[in-house]
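**Q** build the 3D model from these lines:
(2 chains)
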Amino acid sequence: MKRIKKLRDFILINNMFSIIIPLILVGLLVTPIIYDYLLKDMHEKNTMIAAAIAQRMSDFMDDSFQVLKQINGLLDDGTLKDDATIQRYLNGLLESSDSIEGFEILDANGIVKNTAPQNVNILGANRTGQPFFAETRTTGKPFVSSSFISQQTGQPTITIALPHGDGVLVAYLNLEEISMLSGNHIRTFGDSVTVAITDGNGVFISHTDINKVYQREIEANYQAVHQETADPIHTFTYEGKTAMVSHADVPNANWHVFVYEAYDSIYAALRPFIIMMLLFTLLLVLFSRFVARLVFKDINHSFGELNRQTKEIAAGDYHPIDTDNRFDEFDQLTANFNGMVASVKERDDALKVLAYYDPQTGLPNAAYLNEQLGQLIHNNKGKIAVICFDIHNFKRINDTYGPSFGDKILEMMGARLLALNCAHGFVARINGSNFIRVLTELEQADDALFEIERLQGVLNQAMTYHENNVYLRFHVGIAIYPDDALDVEELLQYANTAADIAKQQGRRAQHAFFETAMKQNLIRNMTLENSMRSALKNNEFFLQYQPQIDVRNKKIRGFEALIRWDHPQLGRVSPLEFIHIAETTGMIVPIGAWVLETACRQIVAINQKMGTELMISVNVSPVQLSQENFPAMVAEVLKRCKLEPSLLELEITENLFINSFEEAISIFESLKAIGIRMSLDDFGTGYSSLAYLKNLPIDTLKIDQAFTRDLLIRKSNENLMESIIMMAHILHMDVIVEGVEELEQLDCLKIYQCDHVQGYYFSRPIDENQLEALLGQLIADQAQDID
Amino acid sequence: MKLKKIFSTLVLLTVTVLCLTSCFMQKPLSIGFVASLTGSTSELGVNGRNGLMMAVEEVNAAGGVNGKAVEVVIKDDQNNPEVGLAVDRELQEAGISFIVGHMTSNMATLSVPFVNSQDMLMINPTMSATTLFGQDDHVIGVVSPNSDQAAIIKESMVKDSVGKRVAVIYESQNLAYTGTVKDGIAQDLAPVGGQIIYEEAFLASANPNYLDISQRVLSTQPDSIVILASSFDAAMFCQQFYKLNNQTPIYLAAWSMNNDLLLQGGAAVEGVTITSLIDLESKAPAYTAFRENYLKKYGAEPTFAAVYTYEATMLLLNTVAETANPNPETVKKAILQKAIYPGLQNEITIDGFGDASRTIYEYVVKNGQFTKAE
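**A** Here you go, the predicted structure:
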């Protein structure tokens, strides 16, 4: 992974490197050049010193030979004619010379003729073994010996010789004196150099360390220095130190002058340069740090500002970045950021619209409602009315004109509501045909009614699309915060409940305020819903039976099975109450199956016992009928109970046809195929479409008790009843009139040739254990009538 | 944490550097060399040092002793026993256990007891005083005892059929040497009826009057003259006898066997008989190579002092190289155990006392050159 570093450190370090590295490179380049220059300089200087000393030695030797020449001349010209004169003269010379410590005058046989200082041991000695005699005689040239320790002085000595006639003149030179002489001369060149002189064999004649002369040490690198090499600079190690050796020859003595200088002195000369270089580097680094800090201060400011503001943006505050900085790059960066912020904000807004607005109506949606209402509650600014208004029978509009028409209606509604510019709150579409108006700053509950009127004023006007005019009706429910509920969910629920109530109340009241009773009703419904499943298991349901009587002969046609619920806590629960709940929860399916089977068994049992062929009528919910396997289930039950199919009549209501007429026909046909009878219940309360009657294979038409009730009140009612019965008969349908409670009613129906009746006049719905008794009584009554 | 890491890195680095340094920079092997390097007897010492340096350079060029370079600490005993003792002590205090030296027998009187008292080993190139022999001491010699020289001189006299009256001149500072040779001659002459009829000592350092001594010797009319002195002194005496037209045969001991004798002596040493510790005409390959190198380096013929010191140094360094745990005791034991060593010219036999026995030669000066006697 790439290491993350601080920009400040990065700039400082790189700045430092950008100074140090070039300087080091320059140093690396320049130092060898300077070193080379110093080396050459040292070599030249030392060669000069060597040459100067060599010259000095050469002069010294010339001077020494000059003495011998002088003696030679004096001997030749007869100035020194006898031994005494010679002796005196030589002694005089010895006294005046520092370096010459002895003379010998040899004859042609090498015999010492004269010696100074005077020495009887040497006088007359034979020198033929000495090179200074043999070589001088042979070559006839001046001679310089190698060094030796003089037995007289015990000091290092050399001899020089000059031919004189057949003999030889010899002088003994003290090397210590020569050393001193050269030493004095060397001192003028400073103490960084060491100078030595060797003879032709490399043996030291002169050296700062006089012991080397005494002990006739040899210059260790004598041979190497004299070898011809490409590099004139000779480098050797002496006593652990590397030194440069320069040299010069003393031609008249075959001597060699060596000048040594340790490389340390070059390093010493280089040191100030290197120190200066380092100091300069250090200063530059410090300066660069200072400048980098200054520069970084500006960058840091820009970065800090950018950092701070982007943090704000990241936290959700989408404002453009505004910084003052000195760098174009930062301006570009800021501009880019601002572009990004703007596009994020735009997208955010679009998302908000998507998330909070209903695309169809352009109104806020449920999410918006929840959030805003929650916020309003949170802010707690007075009363809030939550007004729920639901389009009445919107589904039918859809079914009738097609879904796109419905969509268009919704769209138009949205446009009208938006145009209304609802102040104090907002209007939202929750789902389908359900709208919520949230009205704030409510002073009293009735204020909501003004708003409802205002809304209805707009919405009740005709909606026209493709030349179709539609007038909308609404159920309106109102819940008030904080009177009815304190949270969003409850408010919405209560407003919905109130709208439902308004719906149930029908046209009588187009709106309803939520009341506590509604809440209790809700709770009761919830309790029923929850206990319904266990109720079937615990045999809380039971059936009652109401007889259906033939009008003409008062013969019992059969019974209608009616379900009852004996709730352990709530007591008897009306079917009106719980059937609706069972249908919405789907529990109607098992309950209906139970009812069918129980009723079939009961009628089979009765028929067997009484020897009758009574029919059983069982109510079937549209929910049951929509079950695919319903006809099969019915056939199975019949088989199980061993009931003749013709003795079973299923009662259905018109609601079945609302969804799909074609589907209804197909279900009817499959049921009819089994051989059972079909009955249309509650005729006259719903749509009472003649189309249904004409096209459906209905065996029996059951006229709702509402007709029976009104029968005797108005003549027109009688006519309607008669017409319906006639129409049924024309369509080959059996007619059963419900709700017959009085004899007059029965008589009237008799006139209209009604087939069967059902009602309290004959019997209320009874328990199964009362069936036999009722049957017995009815048969007896019948017999009586016949009589 | 970070500091700890840096610290441990530094420690590791230091240890590594130290290890590498100790590996590459082996401590050198230091040996001492003591001889008279200044003054009139320095010829012997300087030649010895030259021989020693030849050996050391040769060993170092071949990679040193077991990888260690050989380093020599050179001391001048000024031919003075007390100075000799002082420099021996200096070497001992410097932690040096091996000494090559001294070179004149008179130095033994103080130096040998000192070396014996210390954990040191001295390899003696040229101290040949008979009294040094037959001692179980800390000294190993590569030179034959003086008695051998005395025997050669006596045999030369017998061979030359000179008379039996012998005069002896001997140097008294190096009496340890000259005395034993003189005594050896006297001892050897006795059985053949010879005797020393005159003897005179002189002190080289006190400007001896060579002429007077020579005149006194001649006045005793000896049949032969024996001079036991350094080459210079011997040459000076010969010069005097030359001046005095002496015809009496002169015999010299090995101490005088030096080029200086020829240089200083000239015609005066012509015909002199001299014992030599080396064979100047040797064709032994080791010697010819050595001689060639020596001539090249020093511009002079190697003397016996150079040869013997070279051999002594080689004996020491080779034995140290071959000894597992070299200290004076183990090296001495190793030398004694091996007993026979190759010299430059011939084998050196070392006995249980660490004393050598070698061939000694007889030379005559003829035409200014040393010529092996018939």
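**Q** quickly list the domain ranges of chain A.
**A** According to automatic domain parsing, chain A comprises the domains A:41-262, A:358-514, A:526-786.
**Q** dump those domains into CSV; add mean neighbour count and mean pLDDT as well.
**A** Heads up, the C-betas are built off the backbone N, CA and C, glycines and all. CSV is the format used below for the domains of chain A (neighbours: other Cβ atoms under 10 Å in any protein chain shown; pLDDT from 0 to 100):
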stretch, mean neighbour count, mean pLDDT
domain A:41-262, 18, 86
domain A:358-514, 17, 84
domain A:526-786, 17, 86
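**Q** quick one, which of those domains gets closest to chain B.
**A** Between chain B and the domains of chain A, the shortest gap by Cβ to the nearest Cβ is with domain A:41-262, which sits at 3.5 Å.
**Q** distance from the closest one to the middle of the chain?
**A** Taking Cα atoms, centre = their mean, to the nearest Å, one finds the center of domain A:41-262 at 95 Å from the center of the full chain.
**Q** kindly report the same for stretch A:33-50.
**A** Per Cα atoms, centre = their mean, the centroid offset for stretch A:33-50 relative to its chain is 70 Å.
**Q** list of residues touching that stretch?
**A** A:186, A:189, A:193, A:195, A:232-233, A:244, A:246-248, A:257-259, A:261, A:265-266, A:269-270, A:273 (Cβ atoms under 8 Å, 6 or more residues apart in numbering or on different chains).
**Q** can you tell me which of those are in helices?
**A** A:Ile186, A:Ser265, A:Ile266, A:Ala269, A:Leu270, A:Phe273 (DSSP state H).
**Q** now do the contacts for the third one.
**A** Okay, so that is A:Ile266. So A:Ile266 contacts A:Tyr35, A:Leu38, A:Leu39, A:Met42 (Cβ under 8 Å, 6+ apart).
**Q** how about a cut-off of 6 Å?
**A** Residues near A:Ile266 by Cβ atoms under 6 Å, 6 or more residues apart in numbering or on different chains: A:Leu38.
**Q** the helices in the stretch 501-650 of chain A, which residues?
**A** Ranges of helices in the stretch 501-650 of chain A, per DSSP state H, counting those that start in this stretch, are A:516-537, A:575-585, A:588-610, A:622-625, A:630-641.
**Q** once you drop chain neighbours, what's closest to A:Glu418?
**A** For the record, residue A:418 is Leu, not Glu. A:Gly362 (5.9 Å; Cβ to Cβ, 6 or more residues apart in numbering or on different chains).
**Q** tell me the mean pLDDT over stretch B:192-201?
**A** Here stretch B:192-201 scores 92 as its mean pLDDT.
**Q** return the distance of it from the chain's centre.
**A** 27 Å.
**Q** which residues touch it?
**A** Residues contacting stretch B:192-201 (Cβ under 6 Å, 6+ apart): B:164-170, B:172, B:186, B:189, B:213, B:220, B:222.
**Q** among these, which lie within helices?
**A** Filtering these for helices - DSSP H - leaves B:Ala186, B:Leu189, B:Ile213.
**Q** contacting residues for the last one?
**A** By that I understand B:Ile213. With Cβ under 6 Å, 6+ apart, B:Ile213 has these contacts: B:Glu200, B:Phe202.
**Q** ok, now how distant is it from A:Ile667?
**A** Relative to A:Ile667, B:Ile213 is positioned 171 Å away (Cβ to Cβ, to the nearest Å).
**Q** what lines up beside the lengthiest strand in chain A in the sheet?
**A** Among the segments of chain A that qualify as a strand by DSSP state E, the longest is strand A:556-567. When pairing is defined by DSSP bridges, strand A:556-567 lines up against strand A:541-550 (antiparallel), strand A:571-573 (antiparallel), strand A:615-619 (parallel).
**Q** what's the pLDDT at B:Phe7?
**A** Looking at B:Phe7, its pLDDT stands at 59.
**Q** list, one by one, the residues from chain B near chain A.
**A** Residues of chain B lying close to chain A by Cβ under 6 Å from any Cβ of the partner chain are B:37-40, B:42, B:46, B:210-211, B:232, B:236, B:239, B:242-243, B:262-263, B:265-268, B:299, B:368.
**Q** could I have the buried ones of those residues as ChimeraX selection syntax?
**A** Applying 16 or more other Cβ atoms under 10 Å in any protein chain shown to the residues of chain B next to chain A, the buried members can be selected in ChimeraX as follows:
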select /B:37,38,39,40,42,46,210,211,232,236,239,242,243,262,263,265,266,267,268
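**Q** so which residue is smack in the middle of the chain?
**A** Picked chain A for this. For chain A, the residue nearest the mean C-alpha position is A:Ala314 (13.5 Å; Cα atoms, centre = their mean).
**Q** other chain: chain B
**A** B:Thr126 (2.4 Å).
**Q** please name the nearest non-neighbouring residue to that residue.
**A** B:Met103 (4.7 Å).
**Q** near that neighbour, how many other residues are there?
**A** 29 (other Cβ atoms under 10 Å in any protein chain shown).
**Q** tell me what whatever helix or strand A:Glu95 lives in is packed against?
**A** Here A:Glu95, judged by DSSP states H and E, is contained in helix A:83-96. Other helices and strands packing on helix A:83-96, by 3 or more Cβ pairs under 6 Å, 6 or more residues apart in numbering or on different chains; DSSP states H and E, are strand A:112-116.
**Q** can you list the strands that the strand it packs on pairs with?
**A** Strand A:112-116 has these strand partners (DSSP bridges): strand A:100-106 (antiparallel).
**Q** now the partner strand against helix A:83-96, angle please.
**A** Counting by axes from the mean of the first three to the mean of the last three Cα atoms, to 10 degrees, strand A:100-106 points 160 degrees away from the direction of helix A:83-96.
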